[in-house]
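**Q** can't give you the sequence, but here's the structure:
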């Protein structure tokens, strides 16, 4: 989505890990429909042993189909030099992400998956690999230092140090007073319900270093790496008229909520990709346009689909010339704010519904939206019919940490039912 400006289903990514397949809403063209069906059939032939596993070890078979337009392919055709430097296996060139790049550096040497499956995942399927951020930035810096400036440049740098296990060098520290620390811990604790807080903090304290500290240190480490990259871009004069976008693809959960399946409802949820609480969905996005002075916070909800139209507008290109069809995102600088805009999201889930789904469906497959301060989502594996999945409705203005599900309130339940009907349609 970040590079294509489209939702996954709009570019043909319908098979995500162990997720269900579903038909496109907008694929009315017979040729496009045939192409999608071929793609789905190919996806079904992914290793059967992995399809049956209910594990987080292998989940992202997110191959982008041939012909998918991206910022790299679009700008390359318009004479840009294009270079990408990535840090995790899910966006390796074998999944189609290198299209349009003159240079796409994805040599990943570190395996971080489960040891018991290492022979299968690391060697046979080449998954669960990544690269330390300092190594990725060093390669990007080497490219920047050698860039002759004869063309306009599109540079894509991806870091994964804030991914589990949240690694940062030992010398990365925060200068904080006791009062600073007390305020920070109060902020942390306010995000938990009373019943989850103590359990989560006990679990995060195991292993000698507090998990939230490790995460924060990883973020600070990546800030330092970005500063190094920007220093080299500035020294080359590239930053003088560069459009810069810094954003995350997702956040992480740290036990603020529990699993929702009946078999795991007493377990606290950590990491990401399965649930759609704000701690995974609400991510930073900063855009620098050299033609504009002063910082402005965009009113209303924004989305990763806004990156492409915003970049195109800042570079002076017409978004209508990007790929085929209308981009769903907005130019955050040129388009007027929409305080009632509905921004959609989904998660691919894990596990496969089947004969024993009532007992053993490990993870739901959520789809939902945010509209103003209202946030609604529902399990799309059971979106309609007699086994409708649980729905969730929150007013983030009054309940930013999603502690009170308004679907369970008789007063707001009819509104939630209407939202569900809208998603079905």
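**A** Okay, I see it. As the structure is a computational prediction, the values presented were derived from the model and not from experiment. Residues are numbered from 1 along each chain as shown.
**Q** contacts, neighbours, all on C-alpha from now
**A** Noted.
**Q** SS state for residue 367?
**A** strand (DSSP: H, G, I helix; E, B strand; the rest coil).
**Q** residue 107 versus residue 322, what's the distance?
**A** Look at residue 322 and residue 107: by C-alpha to C-alpha, to the nearest Å, they are 30 Å apart.
**Q** looking at the two, which is more packed in?
**A** Taking other C-alpha atoms under 10 Å, residue 322 and residue 107 do not tie; residue 322 has more neighbours (21 against 17).
**Q** in contact with the more buried one, which residues?
**A** Contact analysis of residue 322 by C-alpha atoms under 8 Å, 6 or more residues apart in numbering lists 69, 74.
**Q** if we use 7 Å, what do you get?
**A** Under the criterion of C-alpha atoms under 7 Å, 6 or more residues apart in numbering, the contact list for residue 322 reads residue 74.
**Q** ok, residue 2 next?
**A** By C-alpha under 7 Å, 6+ apart, the residues touching residue 2 are 304-305, 307.
**Q** by neighbours, which of those residues wins?
**A** Of all the contacts of residue 2, the highest neighbour tally under other C-alpha under 10 Å goes to residue 307, namely 26 neighbours.
**Q** helices or strands up against the helix or strand that contains that one?
**A** Taking DSSP states H and E as the criterion, residue 307 maps to helix 307-315. Counting contacts by 3 or more C-alpha pairs under 7 Å, 6 or more residues apart in numbering; DSSP states H and E, helix 307-315 packs against no other helix or strand.
**Q** in TSV: the contacts of residue 2, plus pLDDT and distance to residue 93.
**A** Formatted as TSV, these follow (pLDDT from 0 to 100; distance: C-alpha to C-alpha, whole Å):
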residue	pLDDT	distance to residue 93
304	94	21
305	94	22
307	96	21
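**Q** need phi/psi at residue 216.
**A** With angles defined as degrees, to the nearest 10, residue 216 sits at phi -60, psi -40.
**Q** where does it land on pLDDT?
**A** Per-residue confidence (pLDDT) for residue 216: 93.
**Q** from residue 241, how far off is it?
**A** The gap separating residue 216 from residue 241 is 31 Å, by C-alpha to C-alpha.
**Q** more neighbours: which of those two?
**A** Neighbours were tallied for residue 216 and for residue 241 using other C-alpha under 10 Å; the higher tally belongs to residue 216 (18 against 12).
**Q** gap between that one and residue 159?
**A** Counting by C-alpha to C-alpha - residue 216 and residue 159 are separated by 15 Å.
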